[in-house]
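A.B. asks: Got a predicted structure plus its sequence, pasted below:
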Amino acid sequence: RRRELSFFAGRLVSLAHFDVFKIVNSRIVITGLGLTSPIGDTLQEMRSNLLAGQARVERIDMRYMGEVLAGVCRFDPFKYQKKKEVRIGTRAASIGIYCANEAIQNSGLDWDNLAKDRVGVYVGTTEHGNVETETEIYNISQFDYDTKFWSHHHNPRTVANNPAGEITINLGITGPHLSIGAACAAGNAGLIQGLQMLRLGEVDVAIAGGVSESIHTFGIFAGFKSQGALAVHEDPNKASRPFDIDRNGIVVSEGGCLYVLERLEDALARGSQIIAEIAGYHINSDATDYVLPNPERQTQCMNKALEKAGMTPADVQIVNTHATSTPQGDIQECAAVREVFMGCDDTWVNNTKSYIGHAMGAAGALELAGNLPSFDDGMIHPTINVDRLDPQCELPTLVTNQPHNHGAVDTILNNSFGMLGINSALVVKRFDGG
C-alpha cells in the first residue's frame, strides 16, 4: 500500500514539474493590438502614413512656455469611457483604456466568458503624476494657493499604478496590474513583463505595452529645453529628424499601444490569429550617466536579446532604432547598431520617431506596431526628414525617405532606451505555424 502511494505521489510530482517546465518555456505570441498615435488610431491608418512618409506634428500652446511642437493623438476617449470617467481619470489612463479595448477586440477573445482573474495588465510609462500635480498647482494659484481648491481626485490620479489600474476598472479585470516605470524603454519593458508573467503561470492573458500623456506636462518640455534637447523647426513635420546632420532635439508626443499576449498553446487551442511571436528580449543598465547613452551596453543588450532568441544578427531583417533626433544619442546608437550588425547586408534599419516624435513610455510599443505589417506586405518604412545624413550616423542599410520593398521579412529587432541608462531590445518574429 505504501509503495503504491509513493509511486502515485512521485508521478504527481513529476507531472507538476513537467507542467512548470512547459509553462516556463512556453512560446509567447501576440494575438491582438490596439493603438493611438499622432498618425493614426488604428494600425492600418498608422501603417498607411508610415509608407506614405506622412508625419503629423503640430504647434500647441504650453503653459509658461508659449508654442511648442508636439505629436497629438485624436482618438475618441468617449468610445470606451463615460464623460465622468474621463473627467475623474487621467489622460494616460484614457489612452490605455482605448488601446486595451481595441486590442481585446482585435484579438477575438471571448471576453465575456474569460476568467478575469487570469488576465494581467502591464503598462509601461516614462513618468506619471506630473500632469495632474502641475495642473492642480496652477489651479490653486488662481485662488492664492488655498488648498481647499485642491482636487480630491488627486491621489488616485497620481499613484504610479494609475494607468494600469484604470484599465482594470474599465474592463473588470481582477488579475494583477502593474505600471512599469522604465523611462523611454517602458513600452518594451511592459511587453517583457507580460511575457514573464505568462511564463510564470501567473496569468493566461497579458495586456501589455506602453502609454504616454507627456505633452500635457510643461516640465518635460522645459526640461528638454534646458538641456538644449527640444526640437525647433519652422515646419513642424520636419522637426523630428533622426540621423540628419541638422537635427536639434526631441519632439515630445503622446500615444499608446497595448498588445494581447498569450502562450502559444492557448492561442492555438482557441483558433486565434497570431500576429507575431516574441522570440527574445533583454534589459540592462549603462551604470555610467544620467542622460548620455553607452553604446557598449546597448550593443550588449541587442546581442543578449538575439542570444535568447537563438538567432544571429544576420537573421534580422529590420532594426527599429530608438534614435530620438538628439545629436549625441543618435550617434551613440548608430555605433552600437554598427557593431552588432556589421556585415549583415540584409538587415535594414529604420526609425519611427521621424513621423510622430518621441512618445516616451509608449515609444517602443508603438514603433514595434508600425513595423509588424512588414511580415505581411514585405515593405520597410523609411526614416523621413533625412535631407543631409550625418556621416557619424551612416549605416549601409539605413532606409531613408522612401520605403524599401524587401519581400520576405521574418524578424524585427526593436530598440528602446531611456534615461538613467536603461536599455531594452525585443526580438519579434513571424509566426511560422510550427
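C.D. replies: Here it is on my side, so go on. Since this is a predicted model, take the numbers as computed values, not measurements.
A.B. asks: Verify the stated contact: residue 246 with residue 387.
C.D. replies: Yes: Residue 246 is within contact range of residue 387, at 7.2 Å (criterion: C-beta atoms under 8 Å). Where you see a C-beta, it was placed from the backbone N, CA and C, and this is true even at glycine.
A.B. asks: burial measure for residue 270, as a count.
C.D. replies: Residues near residue 270, counting by other C-beta atoms under 10 Å, number 12.
A.B. asks: ok, now the one 10 residues further on?
C.D. replies: Residues near residue 280, counting by other C-beta under 10 Å, number 20.
A.B. asks: What sits closest to it if chain neighbours are left out?
C.D. replies: residue 309 (2.8 Å; C-beta to C-beta, 6 or more residues apart in numbering).
A.B. asks: That neighbour is in contact with residue 428, isn't it?
C.D. replies: No: contact criterion C-beta under 8 Å: residue 309 and residue 428 do not qualify, at 9.1 Å.
A.B. asks: The two: who's more crowded?
C.D. replies: Legend: neighbour count by other C-beta under 10 Å for residue 309 and residue 428, higher for residue 428 (26 against 23).
A.B. asks: Check the secondary structure at that one for me.
C.D. replies: strand (DSSP: H, G, I helix; E, B strand; the rest coil).
A.B. asks: For residue 309 and residue 428, list the residues in contact with both.
C.D. replies: residue 279 (C-beta atoms under 8 Å, 6 or more residues apart in numbering).
A.B. asks: Provide a complete list of residue ranges assigned to strands in the stretch 51-200 of the chain.
C.D. replies: For the stretch 51-200 of the chain, applying DSSP state E, counting those that start in this stretch gives strands covering 58-62, 66-71, 119-125, 177-181.
A.B. asks: Most tightly packed of the ones you listed?
C.D. replies: strand 119-125 (a mean of 31; mean count of other C-beta atoms under 10 Å).
A.B. asks: What helices and strands are in contact with that one?
C.D. replies: On a contact count with 3 or more C-beta pairs under 8 Å, 6 or more residues apart in numbering; DSSP states H and E, strand 119-125 meets helix 91-107, helix 162-171, strand 177-181, helix 186-199, strand 205-212.
A.B. asks: could you dump it to CSV, C-alpha only?
C.D. replies: Below are the C-alpha coordinates for strand 119-125, written out as CSV (Å, rounded to 0.1, in the frame of the first residue of the first chain):
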residue,chain,number,x,y,z
VAL,A,119,-5.8,38.4,-17.0
GLY,A,120,-2.9,40.8,-16.1
VAL,A,121,-2.3,44.4,-17.2
TYR,A,122,1.3,45.6,-17.6
VAL,A,123,1.6,49.2,-18.8
GLY,A,124,5.0,50.9,-19.4
THR,A,125,5.2,54.6,-18.5
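A.B. asks: what angle do that strand and helix 186-199 make?
C.D. replies: 160 degrees (axes from the mean of the first three to the mean of the last three C-alpha atoms, to 10 degrees).
A.B. asks: In its sheet, which strands sit next to strand 119-125, and in what direction?
C.D. replies: strand 177-181 (parallel), strand 205-212 (parallel) (DSSP bridges).
A.B. asks: which one of those lies closest to residue 314?
C.D. replies: Minimum separation from residue 314 across these (C-beta to C-beta) falls at strand 205-212, 28.5 Å.
A.B. asks: Same list (the strands paired with strand 119-125) but as TSV, adding mean pLDDT and distance to residue 131.
C.D. replies: Putting these into TSV (pLDDT from 0 to 100; distance: least, C-beta to C-beta, whole Å) gives the following:
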stretch	mean pLDDT	distance to residue 131
strand 177-181	97	14
strand 205-212	98	11
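A.B. asks: what distance separates the start and the end of stretch 344-352?
C.D. replies: 21 Å (C-alpha to C-alpha, to the nearest Å).
A.B. asks: swap in stretch 259-270?
C.D. replies: Using C-alpha to C-alpha, first and last residues of stretch 259-270 are 17 Å apart.
A.B. asks: Show me the contact partners of it.
C.D. replies: Outside stretch 259-270, the residues that touch it by C-beta under 8 Å, 6+ apart are 23, 26-33, 103-104, 106-110, 191, 194-195, 198-199, 204-209, 272, 274, 277-278, 365.
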